[in-house]
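Peer 1: Kindly return the folded structure for what I paste below:
(2 chains)
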Amino acid sequence: MSLSPYLNPSRNTIAQPRVALFVTCLADAMRPSIAFATVKLLQSAGCHVEVPSAQTCCGQPAFNSGDRNNTRKIAQQTIAALKGYDYIVGPSGSCIGMLHQYPELFAKGTQDHVGAEQLAQQAYEVTSFLVDVMDYQLPSSDLKAQITYHDSCAGLRELGIHSQPRKLLSQMPKVVLKEMEDSDTCCGFGGTFCIKYPDISNRMVENKAANAKASKAQLLVGGDLGCLMNMAGKLKRQGSDLQTRHIVELLADMLSHPALGEANNTPLKSATIDLAYEA
Amino acid sequence: MHINSPDFIARSKSALADDNLQKALKNLKAGFPGKRRKAMDRMPEFDAMRDQAADIKNKVIENLDFYLETFEAKINDNGGHVHWAQTPDEACQAILGICKSVNAKTVTKGKSMVTEEINLNEFLEQHCITPIETDLGEYILQLRGDHPSHIIAPAIHLNLPQVSDIFEEKHHLPRKEDPAELMQEARDIMRNHFVAADVGITGANFFVAETGSTMIVTNEGNGDLTQTLPKVHIVVTSIEKCVPTLEDLSLYMRLLSRSATGQESAVYNTLSSGPRQEGDQDGPEQFHVVLVDNGRSDMVGDEHQDMLRCIRCSACMNHCPVYSQVGGHAYGWVYPGPMGSVLTPKMVGIDQAGHLPNASTFCGKCEAVCPVRIPLPKLMRTWRERQFDQGQGSTASRYGIQIWSALAKRPKLYHAMTRIVMPLMARWSGSKNRISSLPLGRGWTLWRDLPAPEGKTFMQQWSKKNQEKQP
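Peer 2: Coordinates of the predicted model:
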């Protein structure tokens, strides 16, 4: 059910809104295809997309390491870089969630705080932007896959993103979502946590991998590259044929790059017939 | 209790390798969160209630002196005594003084984490007074010389055979393996202790300023026998457990059991409002309340003030993906899980408990389930900030963050660097398209591969397309 703009104040009313892509440092460096897929989706939804060049990282590594001074400086730079657009959109609940935390870095009443508040109001994670703001309908899609979806923590609990990716995926008639157990439980990435406490992180990602495999899906999908790299890295180390991709790759039908950590663009493993499901 | 928090990494490793513990933790995870969910689904007003519960606690904390003095005056009116204890030692001395005044030899104890915090059992034993834990879990732990690993299910880390073992060894009775029989055995032994005890010590889940009452919430009824049978009842509690009125108390009662075990109400909810009055059939002759501060009043007005709202329901640890892998003992002191990761550094020092606020992915489940809306990840982050400011933590990670930040603050340099590094990394990964050993990222590649970068960065490819138009 879509609400009218009157009932849903976040619904876009601007013709061809100017959108700044917040690329995120991980997608920029590790998997540019995520950023290209995001651009394609935004353009297809009728947005004019620009990529401000003075952006780097949202500053979350410094923020969560207790380095408030550097976090503030990175935030000031990001606020300046992303100023002047109708919306800011990025392919990560975690990084966009960080932009939403900028206001608490600055004293109320300061110029920085005003800028941070403004940015926080305009910044959206891509699936939430497409559904909540643009009321976007996917063009017809032939992609056939049984997938399972991991709800990354920051997107889910800081931004309330749960139904939006599922709503978009449900518009792909041949994509079957097979929910895994504990899809809302952390995968164990946690930024520097996975390096500082590797054994605990490992057990968490082992559990996640086991749940993903038990779903009998062919493809593990999520909205945050950090988590996806963690899960794909574990699945590949285990020799699993479960593939891992960012949701925008599916939505934008940009699947020419191999899935995360795959040598080639191998076809999905043959669909497992799940009798209970088929029945 | 000895502080083992500096050994968090070693303790968590052994916890991960302990099959018995892992089984017990799976049971915990399968139990409490699901039951809580069901209870919440039947209570659509939960969010409104937690707002109200947070507001009331905030009001109490901001006017703590007023509410505590009101409580004390009311207790005095009721014929009881309040003992103010700034430190654990002052609390122990006050309790010892009361015990000595009645020549107490044995004291029965209801479940109380504050008495763990002040290390009361050890202190009483040193002064030739025998404390007997009457909560079944705590009793098992006492027999084993063990400590709670969870604030409401203290023996959650143990399995049935371990209980059979210790009962057989300590009770000198034929071994039993049926839980009901074990419980009966404990109950039989406990009855004698209840009757023989000179003093009964309980904690308090809440205390009410308006009426001068303390309240315990239990499922076994042991707390009631502990506090009504002996001649002296001592309540040991901490200053932030105050609520203004009985009406307010009813709100917290609705939140506490549902958040903890998913019960709509615990089995026994008992108020104590002073010693036996004329005409009363039973009750203690003396009623004492020891109000423990132990650093809490310092938290009023500082960045951890929100933590004083905690009602010790354990929902945060029941839902914590880290606690549910390593259990409570890994945290190395009295309070485990997310709430412990905020509280422990306050009580034992951040130099001792430095790992605790760092061993979190900030997944936010704890905050999402907290019935009094404590922003636990944010509070853990403030500890990381304090560590960073004080130069604590590993040098490698401090330098790493500063190098990263220095780059992130210089977009041109940053993009020039990534433009060089990413293609090299892509090439280095070879045809597998993943990296299985990273010299500087062993924490990552020890357990998983690193999916290789695609090659050219997005910014490089985008600027080449020359699509960027500056606003």
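Peer 1: Chain A - how does it break down into domains?
Peer 2: A:18-132, A:138-278 (automatic domain parsing).
Peer 1: In terms of mean pLDDT, which of these ranks lowest?
Peer 2: Mean pLDDT across the domains of chain A is lowest at domain A:138-278; the value there is a mean of 92.
Peer 1: Pick the most deeply packed of the domains of chain A.
Peer 2: The highest average neighbour count among these, using mean count of other Cβ atoms under 10 Å in any protein chain shown, belongs to domain A:18-132 at a mean of 22. Where C-beta positions appear, they are placed from N, C-alpha and C, glycine not excepted.
Peer 1: How are the helices of the stretch 201-350 of chain B distributed by residue range?
Peer 2: Here the stretch 201-350 of chain B has its helices, by DSSP state H, counting those that start in this stretch, at B:222-228, B:246-260, B:296-299, B:315-318, B:323-326, B:337-348, B:350-353.
Peer 1: Please name every helix or strand in contact with the longest one.
Peer 2: For helix B:246-260, the helices and strands in contact under the criterion 3 or more Cβ pairs under 8 Å, 6 or more residues apart in numbering or on different chains; DSSP states H and E are helix B:19-41, helix B:46-62, strand B:206-208, strand B:213-218.
Peer 1: want to throw the ones you listed into a markdown table with mean pLDDT and mean neighbour count?
Peer 2: A markdown table is the format used below for those (pLDDT from 0 to 100; neighbours: other Cβ atoms under 10 Å in any protein chain shown):
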| stretch | mean pLDDT | mean neighbour count |
| --- | --- | --- |
| helix B:19-41 | 94 | 16 |
| helix B:46-62 | 97 | 17 |
| strand B:206-208 | 98 | 24 |
| strand B:213-218 | 97 | 24 |
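Peer 1: Compare those and give me the one nearest residue B:347.
Peer 2: With Cβ to Cβ as the criterion, residue B:347 lies closest to helix B:46-62 of the helices and strands packed on helix B:246-260, at 17.2 Å.
Peer 1: thinking again about what came up before, who wins for proximity to residue B:172 among the domains of chain A?
Peer 2: With Cβ to Cβ, the closest approach to residue B:172 among those belongs to domain A:138-278: 40.1 Å.
Peer 1: Please compute how far that closest one lies from its chain's middle.
Peer 2: Relative to its parent chain, domain A:138-278 has a centroid offset of 11 Å by Cα atoms, centre = their mean, to the nearest Å.
Peer 1: Could you dump the domains of chain A into TSV with distance to residue B:374 added?
Peer 2: Listed next are the domains of chain A as TSV, based on distance: least, Cβ to Cβ, whole Å:
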stretch	distance to residue B:374
domain A:18-132	16
domain A:138-278	14
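Peer 1: can you pull the contacts of the residue of chain A found nearest chain B?
Peer 2: Taking Cβ to the nearest Cβ, chain B has its nearest neighbour within chain A at residue A:190, 2.8 Å off. Listed by Cβ atoms under 8 Å, 6 or more residues apart in numbering or on different chains, the contact set of residue A:190 reads A:201, B:360-363.
Peer 1: Looking at the residues you listed, state which has the most neighbours.
Peer 2: Neighbour tally across the contacts of residue A:190 (other Cβ atoms under 10 Å in any protein chain shown): the maximum, 30 neighbours, falls on residue A:201.
Peer 1: now whatever helix or strand that residue lives in and helix B:19-41, what's the angle there?
Peer 2: In this assignment (DSSP states H and E), residue A:201 forms part of helix A:198-214. Angle of helix A:198-214 versus helix B:19-41, following axes from the mean of the first three to the mean of the last three Cα atoms, to 10 degrees, is 60 degrees.
Peer 1: Who are the packing partners of helix A:198-214?
Peer 2: Here helix A:198-214 touches strand A:145-150, helix A:193-196, helix A:225-237, helix B:8-16, helix B:323-326, helix B:442-445, going by 3+ Cβ pairs under 8 Å, 6+ apart.
Peer 1: got the CA coordinates for it in PDB?
Peer 2: Taking C-alpha atoms only, helix A:198-214 is exported to PDB below (Å, rounded to 0.1, in the frame of the first residue of the first chain):
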ATOM      1  CA  PRO A 198      38.200 -12.500  15.300                       C
ATOM      2  CA  ASP A 199      37.200 -15.600  17.200                       C
ATOM      3  CA  ILE A 200      33.900 -14.200  18.300                       C
ATOM      4  CA  SER A 201      33.300 -12.600  14.900                       C
ATOM      5  CA  ASN A 202      34.000 -16.000  13.300                       C
ATOM      6  CA  ARG A 203      31.500 -17.800  15.400                       C
ATOM      7  CA  MET A 204      28.900 -15.200  14.500                       C
ATOM      8  CA  VAL A 205      29.500 -15.400  10.800                       C
ATOM      9  CA  GLU A 206      29.600 -19.200  11.000                       C
ATOM     10  CA  ASN A 207      26.100 -19.100  12.400                       C
ATOM     11  CA  LYS A 208      25.000 -16.700   9.800                       C
ATOM     12  CA  ALA A 209      26.500 -18.900   7.000                       C
ATOM     13  CA  ALA A 210      24.700 -21.900   8.400                       C
ATOM     14  CA  ASN A 211      21.400 -20.200   8.500                       C
ATOM     15  CA  ALA A 212      21.800 -18.800   5.000                       C
ATOM     16  CA  LYS A 213      22.700 -22.300   3.700                       C
ATOM     17  CA  ALA A 214      19.800 -23.900   5.600                       C
END
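Peer 1: what's the following helix or strand past that helix in contact with?
Peer 2: Heading C-terminal from helix A:198-214, the first helix or strand you meet, by DSSP H and E, is strand A:219-222. By Cβ under 8 Å, 6+ apart, the residues outside strand A:219-222 that reach it are A:145-152, A:165, A:169, A:212, A:228, A:231-232, A:235, A:242-247, A:250, A:259, A:268.
Peer 1: Next: stretch A:30-45.
Peer 2: The contact list for stretch A:30-45 (Cβ under 8 Å, 6+ apart) reads A:19, A:21, A:23-24, A:27-28, A:49, A:51, A:89-91, A:126, A:129-130, A:134, A:136, A:139, A:225, A:229, A:246, A:248-249, A:251-252, A:254, A:256-257, A:260, B:422, B:451, B:453-454, B:456-458, B:461-462.
Peer 1: and if we set it to 6 Å?
Peer 2: Residues outside stretch A:30-45 that contact it (Cβ atoms under 6 Å, 6 or more residues apart in numbering or on different chains): A:19, A:23, A:27, A:49, A:91, A:126, A:130, A:134, A:136, A:225, A:246, A:248-249, A:251-252, A:254, A:257, B:453-454, B:458, B:461.
Peer 1: which bits of the stretch 201-350 of chain B sit near chain A?
Peer 2: Within reach of chain A by Cβ under 6 Å from any Cβ of the partner chain, the stretch 201-350 of chain B has these residues: B:321-322, B:325.
Peer 1: how about a cut-off of 10 Å?
Peer 2: Selection of the stretch 201-350 of chain B residues close to chain A by Cβ under 10 Å from any Cβ of the partner chain yields B:319-322, B:324-326, B:330.
Peer 1: biggest separation within these, which pair?
Peer 2: Spanning the widest gap among these are B:319 and B:330, at 16.8 Å by Cβ to Cβ.
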